[in-house]
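Enquirer: Below are the sequence and a predicted model for it; my questions follow.
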Amino acid sequence: MFDNPSCINCVFKSPATKFLSDNEIIQLEQNCAVAELKPGEKIFKQGVFSSNIIYLKKGIVKLHIEGPYKEQILKITKGPTYLGIPTTFDEKYYRYSATTVEETGVCFINIETFRKFVQENGKFAYEIIIELCKSEISLFKKCINRSQKNARGRIADALLFLKEEIYEESSFRLPLTRNELGDYVNTTRESVSRILNEFHNEKIIKVTGRDISILNEKLLNIISKTG
DNA sequence: GCATTAACCACAG
DNA sequence: CTGTGGTTAATGC
């Protein structure tokens, strides 16, 4: 499952690691483990001692948290990106979980090594900050989406997000079950089912099981804004 | 009151 | 894991 990585020649090198010196790259290689994960595998789990920063090279991942009543999917993200910085850098335990939703390549990076790069290499640190900023802004959007829109609007928003930010195509296969999509946009699986069917009947999207094609993006945009 | 929205429940593929 | 129908509670004219 684990291989010794060759970071210098990695084709998935992150913007941040491009600023590492040769010496630092060697340190990275010595303090990092690579793994290929199948869909549905946990990368890390809420409540467990956190000791690694994860670099997601490729693949799609859901970040989720066990709330007082039910599961909440916080965000869906794809590589290349780092995972777990907020919960590993300054916290003892993972405050949320990360689970793959498709074939995924990850690197587990020792937190002390990562911390050292941030402290000693300004350009590296700058790239990390940029990524954290983007993530926070995107979460602000989701916050508004979840709290100020009706169910149709929230689902429309999620479909547009998947199209634009994840797949970059109008047709894609839902990475989540209806239930999980509900956990993502704060609704029930029944409502997700019904609304996807409504969109289908209104010729806004084409739904075949988990396969989605967006037919009328303009209308979907309007729905995502107004419900 | 009346309509709309969405959650909850139950049952069936 | 999904889809559907009935019911119910909350909210807004």
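Expert: Thanks, I have it.

Enquirer: ok, A:C107 - how many residues close by?
Expert: 23 (other C-beta atoms under 10 Å). Heads up, the C-betas are built off the backbone N, CA and C, glycines and all.

Enquirer: quick one, domains of chain A?
Expert: A:17-139, A:149-226 (automatic domain parsing).

Enquirer: Please produce JSON lines containing those, extended by mean pLDDT and distance to DNA strand C.
Expert: Formatted as JSON lines, those follow (pLDDT from 0 to 100; distance: least, C-beta to the nearest atom of the strand, whole Å):
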{"stretch": "domain A:17-139", "mean pLDDT": "94", "distance to DNA strand C": "9"}
{"stretch": "domain A:149-226", "mean pLDDT": "96", "distance to DNA strand C": "3"}
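
Enquirer: can you put those in TSV and add distance to A:S6?
Expert: Conversion of those to TSV gives the following (distance: least, C-beta to C-beta, whole Å):
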stretch	distance to A:S6
domain A:17-139	7
domain A:149-226	28
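
Enquirer: Looking at these, spot the one closest to DNA strand B.
Expert: Closest of the domains of chain A to DNA strand B is domain A:149-226, at 2.9 Å (criterion: C-beta to the nearest atom of the strand).

Enquirer: And A:D22, its phi and psi?
Expert: Taking degrees, to the nearest 10, you get phi -60, psi -40 for the backbone angles of A:D22.

Enquirer: anything in whichever helix in chain A runs longest near DNA strand B?
Expert: In chain A, with assignment by DSSP state H, the single longest helix is helix A:122-148. No: against DNA strand B, helix A:122-148 shows no contacts by C-beta under 7 Å from any atom of the strand, the least distance being 10.4 Å.

Enquirer: tell me what that helix is packed against?
Expert: Here helix A:122-148 touches strand A:71-78, strand A:81-83, helix A:85-88, helix A:111-120, helix A:151-161, going by 3 or more C-beta pairs under 8 Å, 6 or more residues apart in numbering; DSSP states H and E.

Enquirer: Would you mind listing the buried residues in that helix?
Expert: By 16 or more other C-beta atoms under 10 Å, the buried positions in helix A:122-148 come out as A:F124, A:E127, A:I128, A:E131, A:S135, A:K142, A:N145, A:R146.

Enquirer: how far out from the middle of the chain is that helix?
Expert: 12 Å (C-alpha atoms, centre = their mean, to the nearest Å).

Enquirer: Specify the angle between it and helix A:111-120 in degrees.
Expert: 110 degrees (axes from the mean of the first three to the mean of the last three C-alpha atoms, to 10 degrees).

Enquirer: Report the separation between the nearest residue to A:L132 once chain neighbours are set aside and A:I205.
Expert: Using C-beta to C-beta, 6 or more residues apart in numbering and skipping residues adjacent in sequence, the residue nearest A:L132 is A:I85, 6.5 Å away. For A:I85, the distance to A:I205 equals 34 Å [C-beta to C-beta, to the nearest Å].

Enquirer: Return the residues in contact with A:T226.
Expert: By C-beta atoms under 8 Å, 6 or more residues apart in numbering, the residues touching A:T226 are A:G153.

Enquirer: Check A:I223 too.
Expert: Residues in contact with A:I223 (C-beta under 8 Å, 6+ apart) are A:R152, A:G153, A:A156, A:I204.

Enquirer: which phi and psi does the nearest residue to A:K70 once chain neighbours are set aside have?
Expert: Spatial nearest neighbour of A:K70, excluding adjacent residues (C-beta to C-beta, 6+ apart): A:D183 at 6.8 Å. Phi and psi for A:D183, reported as degrees, to the nearest 10, are phi -60, psi -20.
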